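Undergrad: Predicted structure and sequence below. I'll ask about it afterward.
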Amino acid sequence: MATKRTLQTPVLDQEAPGLLRLVLEQGGYAFVTMVGLGEGGDMGAAEAAREMAWEQIQGGPREDDVVVPVWREAYSMACLRVAKIWVDRGEAGEAMRVVDMGLIMGGGGVLRGEMEMAAETVGEMVRNEREKGSLVVEEGGRVSELHFNGVNDEELLQVLPIKSLSSTIVKKKSSLSLEGFLRDYFLSGNPVIISDA
C-alpha cells in the first residue's frame, strides 16, 4: 500500500498563532477566518486567504513606502497552506507553482526557511511524478516505447492522433476559418494553435 504524501510544516504550525495575531492587528479579520477554514482542507478558503495577502502586498498599508512585513509573512503562510492541500490531493506540480510564488513574494522572516524546505520537498515530488512516465521517440517520429503511470501502452497509442508525437513544428494561426482549419490542419493531422478565434 502506498504511503500518503504530505507536506510537513512544523515552523508554520508553531508560528501561526503569533502571525495571525499580528495580521489581526493590521485589520486582517477576513484573512484569519479564511486561514482557519483552509487549515481544515477547504481549498477555496485557503486560496482566498492567499489572494487577500497578495492584495495587501500589492496595494495595502505601507510603512515608509514599504509593504508592512506581516503581510509578506501572511502570504508565505497562505502559500504553505495551499501547497499542503495540493500535495494532499496528489498535485505536486500545482503545489510547486504556489511554493514558487511564496518564495518570490513572501517574507524573509520566520517562514522563509520552511518555504525553502517546502520547495525542496515538493520539487522532489514533482521529479518523482515525472519519472513515473516516459516516452521514447525514434528518428522519423515513430514511438518505440511509451510508459505512463500504468496506462496500457498500445491503447494509448491508438487514442493519440496520427503524427501527434512526430510533429516538430506547431504553427500558430490567427483567425483561421473553419474551412481552412479542416482543409489545412484537421484532415492532414497537422497540429495548429489558433489565436484570436
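TA: Structure's in. What do you need? Residues are numbered from 1 along each chain as shown.

Undergrad: Make sure residue 193 is indeed in a strand.
TA: Yes - checked against DSSP: H, G, I helix; E, B strand; the rest coil, residue 193 lies within a strand.

Undergrad: Skipping adjacent residues, who's closest to it in space?
TA: Leaving aside its sequence neighbours, residue 193 sits nearest to residue 172 (Cβ to Cβ, 6 or more residues apart in numbering; 4.4 Å). Placement of C-beta: from N, CA and C, glycine included.

Undergrad: residues near the one you found, how many?
TA: 9 (other Cβ atoms under 10 Å).

Undergrad: ok, now residue 90?
TA: Neighbours of residue 90 (other Cβ under 10 Å): 12.

Undergrad: Could you do residue 84 as well?
TA: Neighbour tally, residue 84, other Cβ under 10 Å: 23.

Undergrad: re earlier: tell me how far the helix or strand harbouring the residue nearest to residue 193 lies from the chain's centre.
TA: In this structure, residue 172 sits in strand 171-174 according to DSSP states H and E. Taking the mean of its C-alpha atoms, strand 171-174 sits 28 Å from the chain's own mean (Cα atoms, centre = their mean, to the nearest Å).

Undergrad: which element follows it toward the C-terminus?
TA: Per DSSP H and E, the first helix or strand lying C-terminal to strand 171-174 is helix 178-181.

Undergrad: Was I right to think residue 35 contacts residue 49?
TA: Yes - if you go by Cβ atoms under 8 Å, residue 35 and residue 49 touch, sitting 4.8 Å apart.

Undergrad: okay, these two: which has more neighbours?
TA: Between residue 35 and residue 49, counted using other Cβ under 10 Å, the more crowded position is residue 49 (30 against 25).

Undergrad: Let's verify the more buried one: helix, strand, or coil?
TA: Classified using three-state DSSP, residue 49 is helix.

Undergrad: Distance check, the residue nearest to it when sequence neighbours are not counted against residue 52.
TA: Leaving aside its sequence neighbours, residue 49 sits nearest to residue 34 (Cβ to Cβ, 6+ apart; 3.8 Å). For residue 34, the distance to residue 52 equals 7 Å [Cβ to Cβ, to the nearest Å].

Undergrad: How about residue 128?
TA: In this structure, residue 128 and residue 52 are 33 Å apart, going by Cβ to Cβ.

Undergrad: can you check residue 193 too?
TA: 35 Å.

Undergrad: So which of those two has more stuff around it?
TA: More crowded of residue 193 and residue 52, by other Cβ under 10 Å: residue 52, with 23 against 10.
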